[in-house]
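> Using only what follows, build the 3D model:
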Amino acid sequence: MSETAVWFDLDGTLLSFDRPFDAFVREALLAACVRNPPEGAHDVFAERIFSALEACESDPFERSFEAVADEFALDLDPAEAATAYREIEIEATTLADGAAATVAAASERAAAVGVLSNGEGDLQRAKLAAHDLADAFDAVVISNEVGVRKPDPDIFAAAAERVGAGEHLYVADEFETDVRPAEDAGWTAIHVRNDQGPAASLDRVGSLQSLLL
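Numbers count the residues shown, from 1 in each chain. As a prediction, this is how the structure comes out:
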């Protein structure tokens, strides 16, 4: 494996969430002094955040809370709500069982280890720091920082350019968004079975550790 770089997806692979995303929007609005968050706030936020992240726009969370404020005529500071949202999402993450040991095992055997994730750079990096993983990787590639997101093959090319490795292995939970595009890009991929995929997929990222020893 010494010629191979091992890459990990972040959300859903190394990290999981202890509550649903719709709770985050409500909590952020409450933190930003909206007393009675409207029922449809999450739907408006979700539609806008998806389009913002899809287009790799700057300040995607601020833009999404602006949309919520406009839709419901709320007296809301979008920047304040966005800051609260980031803190809430970080706090809601938990490190998957065996994830830290798996990353450490990969670091010992691989040419390089990296994170390849869709999302906003500051938020994704803050999640790594919150779980003592900020210094665990040789490269961190995040869609909003490079201007392209999975499943676009260009993000895999951008990641490959970051490390000196002849081959690349990607460990991720979304089959259609992560695993299949990685294979199409010429990488090897391992599916952590959090959605539909081959029966041979791993049930959790910690299961990979034994394969790296």
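> low pLDDT regions in the protein?
1-2, 194-213 (pLDDT under 70).
> Helices along that one, start to end?
Taking DSSP state H, the helices of the chain run over residues 21-31, 41-54, 60-72, 78-91, 99-109, 121-130, 143-146, 153-160, 180-184, 209-212.
> Of all the ones you listed, which one is nearest Val171?
Closest to Val171 of the helices of the chain, according to Cβ to Cβ: helix 99-109, at 8.1 Å. Where C-beta positions appear, they are placed from N, C-alpha and C, glycine not excepted.
> and Val18, what is it in contact with?
For the record, residue 18 is Asp, not Val. 92-94 (Cβ atoms under 8 Å, 6 or more residues apart in numbering).
> what's the offset of stretch 51-63 from the middle of its chain?
For stretch 51-63, the distance from its own C-alpha centre to the chain's C-alpha centre is 14 Å (Cα atoms, centre = their mean, to the nearest Å).
> Identify all contacting residues around that stretch.
In contact with stretch 51-63 (Cβ under 8 Å, 6+ apart) are residues 48-49, 64, 78-79, 81-82, 85-86, 118-120, 123, 143-144, 146-149.
> could you redo the last one with a cut-off of 7 Å?
48-49, 64, 78-79, 82, 85-86, 118-120, 143-144, 147-149 (Cβ atoms under 7 Å, 6 or more residues apart in numbering).
> From start to finish, how long is it in a straight line?
Using Cα to Cα, to the nearest Å, one end of stretch 51-63 lies 10 Å from the other.
> could the helices of the chain be laid out in JSON lines, adding mean neighbour count and distance to Gly12?
Shown next, in JSON lines, are those (neighbours: other Cβ atoms under 10 Å; distance: least, Cβ to Cβ, whole Å):
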{"stretch": "helix 21-31", "mean neighbour count": "18", "distance to Gly12": "12"}
{"stretch": "helix 41-54", "mean neighbour count": "18", "distance to Gly12": "15"}
{"stretch": "helix 60-72", "mean neighbour count": "20", "distance to Gly12": "19"}
{"stretch": "helix 78-91", "mean neighbour count": "19", "distance to Gly12": "13"}
{"stretch": "helix 99-109", "mean neighbour count": "18", "distance to Gly12": "11"}
{"stretch": "helix 121-130", "mean neighbour count": "18", "distance to Gly12": "12"}
{"stretch": "helix 143-146", "mean neighbour count": "20", "distance to Gly12": "15"}
{"stretch": "helix 153-160", "mean neighbour count": "19", "distance to Gly12": "17"}
{"stretch": "helix 180-184", "mean neighbour count": "18", "distance to Gly12": "15"}
{"stretch": "helix 209-212", "mean neighbour count": "14", "distance to Gly12": "18"}
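> got those helices as TSV, with distance to Ala136 columns?
Below are the helices of the chain laid out as TSV (distance: least, Cβ to Cβ, whole Å):
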stretch	distance to Ala136
helix 21-31	25
helix 41-54	24
helix 60-72	25
helix 78-91	17
helix 99-109	5
helix 121-130	8
helix 143-146	18
helix 153-160	16
helix 180-184	20
helix 209-212	14
